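1. sequence? don't have it. structure:
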């Protein structure tokens, strides 16, 4: 099969994927890269995507590992190829799946970077609350950690999403699903203080809905808030790497450390699948093992 024919096969697969499952452009581009790389590797031996030798892939994966590709990268590649060959089998392009017997070493889930409780306290206390911007940032950090929100959920909050009397916030999460999340007393106090003072001072039109405004009374952007987090982390003397989800990870980990039920944490985080939440049990366990090693006389 010539290179143009290979491209046509890949295009047909991606079209089917898009039509049947509405896969994003980003994901489609990743599939295209994986399949093009595999097609190029097969062409070296005079083969095509629909006539691969079963032994070719394990050899190629070994070569990729030796070249420095991570196990996770190979696992993602294999997942792409499995999906392609399932489609090729269903559409009659091949008579058997050449990857049916191919196995990779299991990839352990990567543990999200988190913060110790004392580090969280330092980070939250870093903003200068004598200024309107500092009070806004302090309140955002309190809500982010107190409710375990995603940054996108936090900056998207509107004033009518917060019920201070009941101490909850209505969050619009992934898939446009709403959930009610407790704020906790600290966050409620800071939101109340912020609404009484700083928010009005930061807005030209206080009737606009954004709870945490940036420029032109519009919601603060994720990028702008992430810059603010890094700024406050430097003030707090936190040198470890942070991510926009660091406080969300800390929220979940600290809840589990203090005895929270995994199902409850799942609901608070807005995870549709418990397996997504289970990563935090690994984080909590790793922390407990460190504490044991550091403080137990026989650790």
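-> Yep, it's here. Bear in mind the structure is a predicted one, so any value in this text is a computation, not a measurement.

2. neighbours of residue 207, just the number please.
-> Counted with other CB atoms under 10 Å, the neighbours of residue 207 add up to 7. Where you see a C-beta, it was placed from the backbone N, CA and C, and this is true even at glycine.

3. which SS class is it?
-> coil (DSSP: H, G, I helix; E, B strand; the rest coil).

4. and the pLDDT at it?
-> For residue 207, the pLDDT comes out at 90.

5. equivalent analysis for residue 288, please.
-> Note on residue 288: pLDDT of 60.

6. again, but for residue 55
-> 64.

7. same deal with residue 138?
-> Looking at residue 138, its pLDDT reads 97.

8. am I right that residue 30 sits in a helix?
-> Yes - with three-state DSSP as the criterion, residue 30 is part of a helix.

9. dump the residue contacts of it.
-> By CB atoms under 8 Å, 6 or more residues apart in numbering, the contact list for residue 30 reads 76, 80.

10. burial of residue 72, as a residue count?
-> 13.

11. from here on, count from 811
-> Got it, first residue is 811 now, which makes that one residue 882.

12. now it: how far from residue 1067?
-> Counting by CB to CB, to the nearest Å, the gap from residue 882 to residue 1067 is 27 Å.

13. show me where the stretch 861-1010 of the chain has strands.
-> 972-973, 978-982, 988-992 (DSSP state E, counting those that start in this stretch).

14. out of those strands, deepest packed?
-> Ranked by mean neighbour count, the strands of the stretch 861-1010 of the chain are led by strand 978-982 with a mean of 19 (mean count of other CB atoms under 10 Å).

15. which parts of stretch 945-963 are buried?
-> Buried residues in stretch 945-963, counted by 16 or more other CB atoms under 10 Å: 945-961, 963.

16. from the chain's centre, how far out does that stretch sit?
-> Relative to its chain's centre, stretch 945-963 lies at 16 Å (CA atoms, centre = their mean, to the nearest Å).

17. which parts of stretch 1074-1081 are buried?
-> 1075-1076, 1078-1081.

18. run the chain-centre distance for that stretch.
-> Put simply, stretch 1074-1081 sits 14 Å off its chain's centre (CA atoms, centre = their mean).

19. so residue 935 makes contact with residue 1046?
-> Yes - Residue 935 lies in contact with residue 1046 (CB atoms under 8 Å); the separation is 7.3 Å.

20. of the two, who's got more company?
-> Using other CB under 10 Å, the more surrounded residue of residue 935 and residue 1046 is residue 1046, with 18 against 13.

21. contacts only, for that one.
-> When the contact criterion is CB under 8 Å, 6+ apart, the partners of residue 1046 are 929, 932-933, 935-936.

22. how much space separates residue 1028 from residue 1014?
-> Distance from residue 1028 to residue 1014, counting by CB to CB: 11 Å.

23. what's next to stretch 850-869, contact-wise?
-> So stretch 850-869 is in contact with 811, 813, 815-816, 819-820, 845, 848-849, 870, 888, 891, 894, 898, 903-904, 908-909, 911-912, going by CB under 8 Å, 6+ apart.

24. start to end distance for that stretch?
-> When the termini of stretch 850-869 are compared using CA to CA, to the nearest Å, they are 14 Å apart.

25. starting at the chain centroid, how far to it?
-> 34 Å.

26. contact partners for the closest residue to residue 1053 other than its chain neighbours?
-> Spatial nearest neighbour of residue 1053, chain neighbours left out: residue 923 (6.0 Å); criterion: CB to CB, 6 or more residues apart in numbering. With contact set as CB under 8 Å, 6+ apart, residue 923 has these partners: 1050-1053, 1056, 1059.
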